[in-house]
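S.K.: With the sequence up front, the predicted model follows.
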Amino acid sequence: MTAVSIAQLRIKLDGVEPAVLRRVEVPLAIRLDRLHQVLQAALGWTDSHLYEFRARDIGWGVPDPDFGDGRLDARKARLVDVLEDVGVKSLKYLYDFGDGWEHTIRIERIGDAVPGVAYPRLVEATGHCPPEDVGGPWGYRDFLEAMADPDHEQHAEMVTWVGGHFDPAAVDVQRHAGALAALAKRWSRPPTTRRKRPT
C-alpha cells in the first residue's frame with residue numbers, strides 16, 4: 001500500500017428494505033472524521049447526529065470526556081491504520097445513537113489512485129436513504145407502510161412530514177456524486193499563503 005492507494009468501500013445500511021447500498025472510493029489514508037463526511041454525503045444523511053466507527057471492540061468518533069465512554073478521536077485515526085492495527089477488512093458505522101442506524105462497511109479492494117481522478121468518488125448507489133429522525137429501522141418500516149397505503153391512519157401525516165412523495169427505491173445518483181465531488185475539491189485545495197506586507 002502506498003500513500004496514493006485507494007480503497008473501494010461497500011457500505012450497506014443494515015436492517016432496511018429495500019436495500020440502501022453505496023460503493024465509494026476513498027484514499028486509504030483518509031481520516032475517520034472525513035470518512036464520516038464521505039458516508040453522510042454518499043448516503044444522503046444530514047450530519048445532524050453523533051456517529052461512531054467500530055472495529056472489534058474499539059470505537060472512534062467524537063470523544064466525550066464527560067461520559068468517559070472510551071471512544072477514540074476520529075480526527076486522529078486513519079482508515080489504513082485501523083485496517084493494519086486492528087486487522088480487520090470491515091467496520092461498523094453507527095449514526096444517530098437514538099435511531100441506531102448501523103452500517104456495514106466492507107473494504108472490497110485496494111489499488112492505486114487513477115491519475116486525474118479526484119477522491120472521494122461515488123461508484124454505485126442503490127436505494128433511498130431513510131428520512132432523518134424516522135425512528136431507526138423499525139420506525140422506517142412503519143413509515144414505509146403508512147406511505148404506501150393512502151387509507152393508513154398516518155398516511156397524510158407522513159406525507160406532510162416528509163414533504164411529499166417518497167420512493168424508497170429511488171436514488172439521486174447525481175446529487176450524491178456531486179456531494180462527494182465537492183468534498184474532493186474542498187480537501188484538495190492548496191493551502192492559502194499570506195501575502196507579506198510591504199515594509
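M.R.: Looks like it came in fine.
S.K.: hey, let's count contacts and neighbours off CA atoms from now on
M.R.: Noted.
S.K.: Would you mind measuring from the spatially most central residue of the chain to residue 143?
M.R.: Of all residues in the chain, the one closest to the mean position by Cα atoms, centre = their mean is residue 39, 1.5 Å from it. Note on residue 39: its distance to residue 143, by Cα to Cα, to the nearest Å, is 23 Å.
S.K.: shaky segments in this protein?
M.R.: For the chain, residues meeting the criterion pLDDT under 70 lie at 1-3, 67-69, 189-199.
S.K.: could you point out which element follows the host helix or strand of the residue nearest to the centre of the chain?
M.R.: Secondary structure assigned from DSSP states H and E places residue 39 in helix 32-43. Using DSSP H and E, the next helix or strand after helix 32-43 towards the C-terminus is strand 51-55.
S.K.: so how many other residues sit close to residue 80?
M.R.: By other Cα atoms under 10 Å, the residues close to residue 80 number 19.
S.K.: Can you name the residues that contact residue 181?
M.R.: Counting by Cα atoms under 8 Å, 6 or more residues apart in numbering, residue 181 touches 118, 119, 120, 121.
S.K.: And residue 128, by the same measure?
M.R.: 20, 43, 167, 168, 169, 170, 171, 172.
S.K.: what about residue 24, distance to residue 154?
M.R.: Counting by Cα to Cα, the gap from residue 24 to residue 154 is 36 Å.
S.K.: Which one of the two is surrounded by more residues?
M.R.: Set side by side, residue 24 and residue 154 show more neighbours around residue 24, with 23 against 15, by other Cα under 10 Å.
S.K.: Skip the chain neighbours and tell me the closest residue to that one.
M.R.: Nearest residue to residue 24, sequence neighbours excluded (Cα to Cα, 6 or more residues apart in numbering): residue 122, at 4.5 Å.
S.K.: isn't there a helix covering that neighbour?
M.R.: No: according to DSSP: H, G, I helix; E, B strand; the rest coil, residue 122 belongs to no helix; its state is strand.
S.K.: and residue 115, how many neighbours?
M.R.: Count around residue 115 with other Cα under 10 Å applied: 7.
S.K.: Next, give phi and psi for it.
M.R.: phi -60, psi 140 (degrees, to the nearest 10).
S.K.: ok, residue 4 - contacts?
M.R.: By Cα under 8 Å, 6+ apart, the neighbours of residue 4 are 27, 28, 112, 113.
S.K.: Can you tell me which of these end up in strands?
M.R.: Members of the contacts of residue 4 lying in strands (criterion: DSSP state E): 27, 112.
S.K.: Please indicate which of the contacts of residue 4 are buried?
M.R.: 27, 28, 113 (16 or more other Cα atoms under 10 Å).
S.K.: Distance to residue 138 for those - can I get that in TSV?
M.R.: As requested, the buried ones among the contacts of residue 4 are exported to TSV (distance: Cα to Cα, whole Å):
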residue	distance to residue 138
27	34
28	34
113	39
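S.K.: Relative to residue 183, which of these is nearest.
M.R.: residue 27 (12.4 Å; Cα to Cα).
S.K.: Let me know how buried the residue lying closest to residue 27 once chain neighbours are set aside is, in neighbour terms.
M.R.: By the measure of Cα to Cα, 6+ apart, the closest residue to residue 27 outside its immediate chain neighbours is residue 6, 4.5 Å from it. For residue 6, the neighbour count with other Cα under 10 Å is 23.
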